[in-house]
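In: Below are the sequence and a predicted model; questions follow.
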Amino acid sequence: NPPGAVANEQTERNCSLTPPYLPSTAVNTTLQLKELRALMSPLSISAYIIPDTDAHLLLSCPSPGTAVVTPTKAVLWTDSRYWVQAERQMDCNWDLKRDVSIMSVAEWLISEVPPGGEIGFDPFLFSLSNVNLMSSNRSLKSMPANLVDQVWKERPSIPPGGLIRLPDRVIRGSWQMKVEQIRSQMTDSPYKPTALLLSALDETACNLRSIIQTQKKSGTPGTPGTSQIQIQAASLASVRGRVCFCFSGLFNMRGSDIPYNPFFYSYTLLTMNEIWLFVHMERITDELKVYLNTSCDGPLCVQLKSYDSVLDDLKMYVDQPGIKVWIGTEYTNYALYEIITPEDKLMTSSYSPVLTTKAVKDETEQQILRDAHVRDAVAVIQLLMWLEKVVPEGKETELTAAKYVDTCRRENLKGPSFDTISASGPNAALAHYSPTAENNRKLTVDEMYLVDSGGQYLDGTTDITRTVHWGTPTPMQKEAFTRVLMGNIEISRTIFPSGTRGVNMEMLGRRALWEVGLNYGHGTGHGVGNYFGVHEWPVGFQSNNIPFREGMFTSIEPGYYKENDFGIRIEDVAVIVPVTTKYGHNYLTFDTVSLVPYDRKLIDTSLLSSEQLQWLNSYYETIRKLVGLELDQQELHEEKDWMLRNTEPFVAPGSSASVSSSSLTLILLTVTLHNII
């Protein structure tokens, strides 16, 4: 097909035709597969696996999925968020498996690889559990030289410099204090580990900053028109072999090595008497050397080591007698695990103490995150008010809307927290769609519009999704939106014992949809950091997330997507707070910190319970109080009027009672004056 979008073309591939039909968005991967198979042949492997993780076992790739290449086949496994996108962007070299489980991949390999055949994999990109699952059925061949690396041309290098320390006003303690806290946990452990190895990027960098934008050069990740297969392979290759026993979490530092996330490539090994930081030496400034106490040899002095020497130095440490290394199995790759032998030198937990400690924010962190979300709400309100004005003129597009909201985020902003999802009509049915020059659509009053965006502020990370309609929604669209909102509210208003797991309440976000046979194919929420990862583990609603505790922040984001028609998602960030109950103690609930009203014309109040309606009105009162004050301070009078109109209290169907906007404002003013007095 000729390059560029073709008007009214079929958007998805059809490989059953002769010749196959490919839309203009599909990318030819014949050459890449030919080169990859040429490397596989002399290695005598029957298949090569390319997972969706990097060497830190973080999902830093734009699209989650697993690819497998054999001498004759190429297959991609991904979840429902990317099925339509895959059909638009893959050529007919690839088969799509509408599943994302590792078990599905393992079963396919059993059917395709004969007994005795070997399956090649990069040990840096696999967790211990995944290797065990695969190896129980077929022989795996660990291959330290990543084959995708060797095929990928014009690979971007790690950016020079870019490492900074956080200002004291946005951190909750010195890195020395954090090191001592973790050493105390090591001492208290009955297994008496001698060292802690950290492998997630947000463990070491728990505090350096700077955001790198997506590469714009041809053939690199993020380039419009580049297929998700290429993007995935590129993302994997860019960090191959780069493990992070990180202490940015401990060192209060940030970097710019991962798009939209302030992480930097490093390793840290913490013992009771030493701190080894493996990093690219040229990136450490004289100021940072002083900050890290690199000129001394004591237990609170950081010893800088070459980034590439980590495997050799770790092996040297493990070979000593009386050693026991503590690792978190969720984020330690198989290559590192192989070094820590025999088994009596290993201590494991699902997550490292750095990750579990970082998940709970203290009072300072909670307040600055709340403040960031108030400012962020102003930016989203500016976007929605502007779109309400200009969309009827027929000139604005998904791309101009995405750019507009980025410009509205200003104060303390370091950059967006992810690539803005700005999607109208059928594009909104792609849960993680982002507009490009090729797929960009004009915004109209006849279609629903979904915008999922966020900012990396010096004091917090934000992530919010709103879905709107500027015309007349269909009854089905209105009901689906209301049921998604009901799911959001039901989770948000839930009271639960401290220590409850998110997976045990996740169905509350789906129940209203299930009642009418609707559902969504993505997770219901994820942790959020303080100028850190917008998807911060281990908090969330999945089975491998840790129990909820006071001070954790999580998104709440149910949705519904009707293929080739429309998409709905309502996403808020909430902090977990204590609540007083009649009889029980140590109970918690969610306090929503995302403060932007929902589209009124999409809400069918007849479907809401009285408790849900009460929660919604209380939420709108909070928006009026907190965001109203910020709008006043910024002298955004038109935006405040828009906010007040869109946060009018709802009245239960059949009720004659009503409260005007001016009356509610007077009530809030009275309460505020009373508190001041």
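Out: Yes, it's here.

In: Could you point out which residue ranges in this structure have low pLDDT?
Out: Along the chain, segments meeting pLDDT under 70 span 1-9, 55-56, 58-63, 136-137, 156-162, 164, 166-173, 200-259, 261-263, 654-677.

In: The stretch 551-677 of the chain: strands as residue ranges?
Out: 553-556, 559-562, 566-569, 572-579, 587-592 (DSSP state E, counting those that start in this stretch).

In: Columns mean neighbour count and distance to Glu118 on top of those strands, output as CSV?
Out: Quick note: C-beta positions are derived from backbone N, CA and C, even for glycine. Shown next, in CSV, are those (neighbours: other Cβ atoms under 10 Å; distance: least, Cβ to Cβ, whole Å):
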stretch, mean neighbour count, distance to Glu118
strand 553-556, 26, 41
strand 559-562, 23, 40
strand 566-569, 26, 42
strand 572-579, 20, 46
strand 587-592, 19, 49
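
In: Would you reformat those as JSON lines and include distance to Ser46?
Out: Output for the strands of the stretch 551-677 of the chain, formatted as JSON lines (distance: least, Cβ to Cβ, whole Å):
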{"stretch": "strand 553-556", "distance to Ser46": "41"}
{"stretch": "strand 559-562", "distance to Ser46": "37"}
{"stretch": "strand 566-569", "distance to Ser46": "40"}
{"stretch": "strand 572-579", "distance to Ser46": "46"}
{"stretch": "strand 587-592", "distance to Ser46": "49"}
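
In: what's the closest of the ones you listed to Thr467?
Out: strand 566-569 (4.8 Å; Cβ to Cβ).

In: what does the closest one contact?
Out: Contact partners of strand 566-569, identified using Cβ atoms under 8 Å, 6 or more residues apart in numbering, comprise 423, 425-431, 447-448, 450, 452, 465, 467, 477, 480-481, 484, 557-561.

In: same question, stretch 102-110
Out: Here stretch 102-110 has contacts from 47, 49, 66, 68, 75, 77, 97, 119, 130, 133-134, 137-138, using Cβ under 8 Å, 6+ apart.

In: how about 7 Å then?
Out: Stretch 102-110 has contacts (Cβ atoms under 7 Å, 6 or more residues apart in numbering) with Ala47, Thr66, Val68, Val75, Trp77, Lys97, Ile119, Asn130, Leu133, Met134, Asn137, Arg138.

In: Tell me the one among the residues you listed nearest to Ser349.
Out: Closest to Ser349, out of all of the contacts of stretch 102-110 and judged by Cβ to Cβ, is Asn130, at 17.8 Å.

In: What's the separation between the closest residue in space to the closest one that isn't next to it in sequence and Met40?
Out: Spatial nearest neighbour of Asn130, chain neighbours left out: Ile102 (5.5 Å); criterion: Cβ to Cβ, 6 or more residues apart in numbering. The spacing between Ile102 and Met40, counted by Cβ to Cβ, to the nearest Å, is 21 Å.

In: do the same with Gly527
Out: Going from Gly527 to Met40 by Cβ to Cβ gives 38 Å.

In: Check Ser24 too.
Out: Ser24 is 31 Å from Met40, by Cβ to Cβ.

In: So these two - more neighbours on which side?
Out: Met40 (19 against 16; other Cβ atoms under 10 Å).

In: Enumerate every residue touching that one.
Out: Counted by Cβ under 7 Å, 6+ apart, Met40 has contacts Tyr48, Gly120, Leu147.

In: Can you flag which of those residues belong to strands?
Out: Tyr48, Gly120 (DSSP state E).

In: okay, the contacts of Met40 in a markdown table with neighbour count and distance to Ile495 next?
Out: Below are the contacts of Met40 laid out as a markdown table (neighbours: other Cβ atoms under 10 Å; distance: Cβ to Cβ, whole Å):
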| residue | neighbour count | distance to Ile495 |
| --- | --- | --- |
| Tyr48 | 24 | 50 |
| Gly120 | 19 | 51 |
| Leu147 | 25 | 52 |
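
In: So which of the contacts of Met40 is the closest to Thr400?
Out: For these, the nearest to Thr400 is Leu147 (40.7 Å; Cβ to Cβ).

In: what helix or strand is the residue nearest to the closest one when sequence neighbours are not counted on?
Out: Sequence neighbours aside, Leu39 is the residue nearest to Leu147 in space, at 4.9 Å (criterion: Cβ to Cβ, 6+ apart). Assigned by DSSP states H and E, Leu39 belongs to helix 30-40.

In: how many neighbours does Lys153 have?
Out: 9.

In: What residues sit buried inside stretch 605-622?
Out: Leu607, Leu608, Gln612, Leu613, Trp615, Leu616, Asn617, Tyr619, Tyr620, Glu621 (16 or more other Cβ atoms under 10 Å).

In: follow-up on the earlier one: closest to Lys395 out of the strands of the stretch 551-677 of the chain?
Out: Using Cβ to Cβ, those put strand 566-569 closest to Lys395, at 21.7 Å.

In: give the contact list for Gln10.
Out: Tyr21, Pro23.

In: tell me the SS of it?
Out: The local conformation at Gln10, judged by DSSP: H, G, I helix; E, B strand; the rest coil, is coil.

In: if we can go back for a sec, among the strands of the stretch 551-677 of the chain, which is nearest Thr29?
Out: Per Cβ to Cβ, nearest to Thr29 of those: strand 559-562, 26.7 Å.

In: got the CA coordinates for the closest one in PDB?
Out: Extracted C-alpha coordinates of strand 559-562, given in PDB (Å, rounded to 0.1, in the frame of the first residue of the first chain):
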ATOM      1  CA  GLY A 559     -14.500   1.300  31.400                       C
ATOM      2  CA  TYR A 560     -16.400   0.000  28.500                       C
ATOM      3  CA  TYR A 561     -15.400  -0.300  24.800                       C
ATOM      4  CA  LYS A 562     -17.700  -1.000  21.900                       C
END
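
In: now it, how far from the chain's geometric center?
Out: 19 Å (Cα atoms, centre = their mean, to the nearest Å).
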